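Peer 1: Sequence first, predicted model second:
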Amino acid sequence: MQQNPQRRQMRSRSRTRQRPPIQRAYDKQIVSLVVVLLMAGMVCLSSAYYLFRTALGDSSSTGSLRTFSGNPPRRAELRALLSEPSEKFLAYLPHSGYHNQRIALENALVLARILNRTLLLPPVRLGTPLSYAPFGELYQMSANARKSRLRYCRDITYGSDMPTECEEYFGHTQLSWDWLIDLSSLQEDQRLLEGWNFTDAWLGEYLGISADDVFYLNDTARNEFAFQDFFSFESPSRKYLESVPLSTLARKSERLIQLGTLFGSSRLHFRSSTNYQLRRTIRERMVFTNPHLVRAAEEIRSALGGAYFGVHLRIGDGIFEWNAPEIVRLAWWKLLHSVLGFTDETILRLEQEFFPDEDDDLEPPLINPDLPALRTPHPPLPAFPLNATPSPEFACRAPLHTSAHLAPLNAPLFISTDAQSPTFNPLLARFTRTFPCSFFLEDFPEQMAPLGTLKSPVDGVPLGRFLMPFLDAMVVGQAWQVVGTEQSTFSAFVTDVLWRRYHGFEIVQRG
């Protein structure tokens, strides 16, 4: 039987956190500073406000580069929230890379809407991630993620002979989610409040929420809690250890429900068609809408001729790097078999012809049917143009095939990958030898250049290198058809959301 969630680690006020010596010293400094300010009067108060805005980054100076400023909520927002004593909130702890944060955001938006709570929305962290940790540790890491002690690094040119500690400073930055995606349509029906970090002090000062008025759902493992819109005595059938009925959270009287990790496409289990549709609507809003990215992606799409095939290959880290040869071969087979319609026999002959140094006794790889995608069919695609070619100024990297049966392989192919120096990667030669008009993102330096000039006004960190994977995904997502990497959340986002949204189709929901 499922354990009672109220008897386990769903505990309101069980978390204790020790204040380190550095924090105690910092508190003493703050007390001293407050005394000085009180004695100085209104002039010093004005100066303090100016310094506060400057230290955290003033969004008014960003021009078209909208980003998270780190300032407290506007007074009008707080007045509106605090004027309603019944206003309740939901918060969570993001972690890991961008797509893990995106999935957590989707789940948080859905839960906040169902529970009718205002979502405390943290910024998105780009670059070096915060790894998952049990609730208490992750809470502390999130609270200590600011860069105030390294602020002097902002004046140092990135990439120069800089101090070691400044490498950490430039290793990551934070932006408002609304800089990358369009949340305006969601805000019409859902209350969101952005914040820099939602510490106990912040909650008390700006929202008037004490620790006694917070319900903490303390997870000790990333797969501990799932959430479902029905009640069941049976054990969770998925990979999670415990299922929390949403009705249990809905009855919580505390003003804030503080959750830990929300990453996981299958963390929310719905039987209600209304909730299922809500999750689909929110996932559809995850498409990148930043004008800098949209402009660069459109320029590259035009350079490719507008009609091209796409492959999204994740082979640069972890288990994907370990299995890179198998991943590349499977994607190559999928492209020829599932997209171009070549038979197994033909593909095996091409494999022997193009790659004579490989084993002669290779068998076709197992291509599993994509059941979630099959459950969400889309209308037939228009015929791929037989004369598709890239723009004249972008020459193919090899002579075109002259045999009639190989003519489909002359079509432009865009390969999106996290592999370093993909042009010289021997594994990717499987594609470049087969498709003479293969292209990588690095083949379009002129189109990428404007992104390299963007800097975060919060900390001055250059944004270009953080934005390239997004641009890569946007270009491949606009392909006539795209093949992804199995088990990759990034590839799933490309094939299930980006590609479908760009073509006007219903997205695929996994989970």
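Peer 2: Received, thanks.

Peer 1: Just the pLDDT for residue 42.
Peer 2: For residue 42, the model assigns a pLDDT of 45.

Peer 1: do the same with residue 35
Peer 2: As predicted, residue 35 sits at a pLDDT of 45.

Peer 1: same thing with residue 5?
Peer 2: pLDDT for residue 5: 44.

Peer 1: Could you do residue 457 as well?
Peer 2: 78.

Peer 1: How many neighbouring residues does it have?
Peer 2: If you count neighbours by other C-beta atoms under 10 Å, residue 457 ends up with 21. No exception for glycine: its C-beta is placed from N, CA and C like everyone else's.

Peer 1: Quick check: buried residues in stretch 185-196?
Peer 2: 186, 190-196 (16 or more other C-beta atoms under 10 Å).

Peer 1: again with stretch 124-137
Peer 2: 124-126, 129-130, 132-136.

Peer 1: contacting residues around it?
Peer 2: Among residues not part of stretch 124-137, those counted as contacts by C-beta atoms under 8 Å, 6 or more residues apart in numbering are 15, 17, 93-98, 100-102, 105, 138, 141-142, 145, 168, 171-177, 180, 216-222, 260-261, 263, 461, 463, 466.

Peer 1: Give me the buried subset of the residues you listed.
Peer 2: Buried members of these, counted by 16+ other C-beta under 10 Å: 93-98, 100-102, 105, 138, 142, 172-177, 180, 216-219, 222, 260-261, 263, 461, 463, 466.

Peer 1: Rebuild the buried residues of stretch 124-137 as CSV, extending it with distance to residue 244, pLDDT and secondary structure.
Peer 2: Shown next, in CSV, are the buried residues of stretch 124-137 (distance: C-beta to C-beta, whole Å; pLDDT from 0 to 100; DSSP: H, G, I helix; E, B strand; the rest coil):
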residue, distance to residue 244, pLDDT, secondary structure
124, 26, 95, strand
125, 26, 95, strand
126, 30, 96, strand
129, 26, 94, coil
130, 24, 93, coil
132, 19, 96, coil
133, 20, 96, coil
134, 17, 96, coil
135, 14, 96, helix
136, 19, 94, helix
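
Peer 1: So which of those is the closest to residue 211?
Peer 2: For those, the minimum distance to residue 211 (C-beta to C-beta) is 13.6 Å, reached by residue 136.

Peer 1: just checking, which of the contacts of stretch 124-137 belong to helices?
Peer 2: Applying DSSP state H to the contacts of stretch 124-137, the entries found in helices are 98, 100-102, 105, 138, 141-142, 168, 177, 180, 466.

Peer 1: quick one: which of those residues is nearest residue 486?
Peer 2: When the ones in helices among the contacts of stretch 124-137 are compared for distance to residue 486 (C-beta to C-beta), residue 100 wins out at 17.4 Å.

Peer 1: Now that closest one: closest residue in space, sequence neighbours ignored.
Peer 2: residue 263 (4.6 Å; C-beta to C-beta, 6 or more residues apart in numbering).

Peer 1: Which residue ranges of the stretch 101-250 of the chain form strands?
Peer 2: Using DSSP state E, counting those that start in this stretch, the strands found in the stretch 101-250 of the chain span residues 118-121, 124-127, 172-175, 192-194, 214-217, 225-228, 242-245.

Peer 1: Figure out which of the ones you listed is closest to residue 491.
Peer 2: Smallest distance to residue 491 across the strands of the stretch 101-250 of the chain (C-beta to C-beta): 19.2 Å, for strand 124-127.

Peer 1: quick one: strands adjacent to the closest one?
Peer 2: Strand 124-127 pairs in its sheet with strand 172-175 (antiparallel), by DSSP bridges.
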